[in-house]
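Undergrad: The sequence and its predicted three-dimensional model are supplied below.
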Amino acid sequence: MNEQEIEVIDFLKEQIEDSICALKQGLKKFSTGRANITMLDGIYVNCYGSSMPLHQCATLSATDPRLIIIKPWDKTILNDITKAIQLSSLGINPQNDGTIIRLPIPALDEERRKVLVKQAKQYGENTKISIRNHRREANESLKEIKKVSEDCMRTAIEKVQIVVDIAIKQVDKIISTKEKEILEV
């Protein structure tokens, strides 16, 4: 393989890794019926005239498996935090006692678990589509290289396919693990 082919495959690996990282980040936000402060990662609070991530204006802790405690550094933004949580897609009703905010994590019923598994599988399928698109782009880039024999080209395309196959298996494993986590009672 020549240097250009190696660059194409290395770039493909970077793109696939980015796609898999995005999948992992997306799956962190799925509620599994247990308290996990990463569920709050996408929540931004409008306070002090700007929008800031929740973890930058409060201390977050999961004190037990079904409760998240949010202790703002400034009590004047309690209502702003409560409002941000209510407007988020978490579906959890915050309990504001004037000092801290409690987020009780409801236990998941079987129907909700099945819906979450279906959503997780869809996330995985979208990631696989992204990986396949990266494969197509890599193959097109390889075909644009002029100074390569057909045998070398075929070998490079086979290496691209091997990288993609490994990534698809990794996505399947991640989704399978998340599915078990969601279905665990």
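TA: Structure received. Just so we're clear, the structure is a prediction, and the values are computed from it rather than from any experiment.
Undergrad: Now do the domain split for this structure, please.
TA: Domain assignment for the chain by automatic domain parsing gives 3-29+109-183, 37-104.
Undergrad: okay, those domains in CSV with mean pLDDT next?
TA: Listed next are these as CSV, based on pLDDT from 0 to 100:
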stretch, mean pLDDT
domain 3-29+109-183, 90
domain 37-104, 87
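Undergrad: Include mean neighbour count when you put those domains into CSV, please.
TA: From N, CA and C alone the C-beta is placed, and that goes for glycine too. Output for the domains of the chain, formatted as CSV (neighbours: other CB atoms under 10 Å):
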stretch, mean neighbour count
domain 3-29+109-183, 15
domain 37-104, 15
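Undergrad: Please name every helix or strand in contact with the host helix or strand of residue 111.
TA: Following DSSP states H and E, one finds residue 111 within helix 110-144. Helix 110-144 is packed against helix 3-28, helix 150-183, with contacts defined by 3 or more CB pairs under 8 Å, 6 or more residues apart in numbering; DSSP states H and E.
Undergrad: tell me what the first one is packed against?
TA: Think helix 3-28. helix 110-144, helix 150-183.
Undergrad: swap in the last one?
TA: Applying 3+ CB pairs under 8 Å, 6+ apart, one finds that helix 150-183 makes contact with helix 3-28, helix 110-144.
Undergrad: Can you tell me which of those is nearest to residue 166?
TA: For the helices and strands packed on helix 150-183, the distance to residue 166 is smallest for helix 3-28, at 8.7 Å, taking CB to CB.
Undergrad: next SSE after the closest one?
TA: strand 44-47.
Undergrad: Export only the CA atoms of that next one, formatted as PDB.
TA: Only the C-alpha atoms of strand 44-47 are listed here, as PDB (Å, rounded to 0.1, in the frame of the first residue of the first chain):
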ATOM      1  CA  TYR A  44     -28.200  24.000  29.600                       C
ATOM      2  CA  VAL A  45     -29.400  26.600  32.100                       C
ATOM      3  CA  ASN A  46     -30.200  30.200  31.100                       C
ATOM      4  CA  CYS A  47     -28.700  32.200  33.900                       C
END
